[in-house]
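Colleague: I would like to see how this sequence folds:
(chains A and B)
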Amino acid sequence: AQTVTQSQPEMSVQEAETVTLSCTYDTSESDYYLFWYKQPPSRQMILVIRQEAYKQQNATENRFSVNFQKAAKSFSLKISDSQLGDAAMYFCAWQGGSEKLVFGKGTKLTVNP
Amino acid sequence: DSGVTQTPKHLITATGQRVTLRCSPRSGDLSVYWYQQSLDQGLQFLIQYYNGEERAKGNILERFSAQQFPDLHSELNLSSLELGDSALYFCASSVGAGWGETQYFGPGTRLLVL
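Modeller: Here you go, the predicted model:
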């Protein structure tokens, strides 16, 4: 079964600094998609970024970028110029041929002023 | 605002009872997914409907059932509720049923079983 592992239950960063959240996954499929979702205290799940496994180029969305290492099955999220509003739970998710999302346990990010 | 709506926002009920959670997908989306988020199990996929038909099933208990109506809204029915069913239930929607489709989540329904 596919699994997604987020090894950092909690992380903290100073405002304006950069932080990287780790995610590894296990799959035997060659084509799949990876996502990072943000869950602020409101509990809403918000899509941050999406990566297609067949694309070697790392996805970026403004201050958010990923480091996708397919051979290592690693998909880390880098947040640059961290803002107070970035404080949230971040979930890494994998999607293969079955279309359902498989989520990691999440990383709680604290942003210190 | 994702465009996905869920009602009610909160629900408090007793063990043994039955509840219905409702979801309206984004305009134009044909797929609806249900997920359960609990402290011990994390976020787990329950079931997916596409254009009224069940398309995929995950870790959904037999006490739970769902359906998608002709107007594409979906309902998740939870019966014979147990304390362990207390969780946040999310609905998500996507345009199609193919993999790679981005799923947009609703605000969730928080269920508390006493």
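Colleague: near chain A, which residues of chain B?
Modeller: B:2, B:33, B:35, B:42-45, B:48, B:55-56, B:58, B:88, B:90, B:92, B:97-105, B:107-108, B:110 (Cβ under 8 Å from any Cβ of the partner chain). (C-beta placed from N, C-alpha, C; glycine too.)
Colleague: which residues sit in contact with the residue lying closest to B:Y104 once chain neighbours are set aside?
Modeller: In space, and not counting its chain neighbours, B:Y104 is closest to B:S2: 4.2 Å by Cβ to Cβ, 6 or more residues apart in numbering or on different chains. By Cβ atoms under 8 Å, 6 or more residues apart in numbering or on different chains, the residues touching B:S2 are A:Q44, A:I46, B:R26, B:Y104, B:F105, B:G106.
Colleague: Minimum pLDDT in the residues you listed, which residue is that?
Modeller: Among the contacts of B:S2, A:Q44 carries the lowest pLDDT, at 91.
Colleague: Assign a three-state SS to the residue nearest to B:Y104, would you?
Modeller: coil (DSSP: H, G, I helix; E, B strand; the rest coil).
Colleague: returning to that earlier point: could I have the buried ones of the residues of chain B next to chain A as PyMOL selection syntax?
Modeller: Buried members of the residues of chain B next to chain A, defined by 16 or more other Cβ atoms under 10 Å in any protein chain shown, are picked up in PyMOL with:
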select buried, chain B and resi 2+33+35+42+43+44+45+48+55+56+58+88+90+92+97+99+100+101+103+104+105+107+108+110
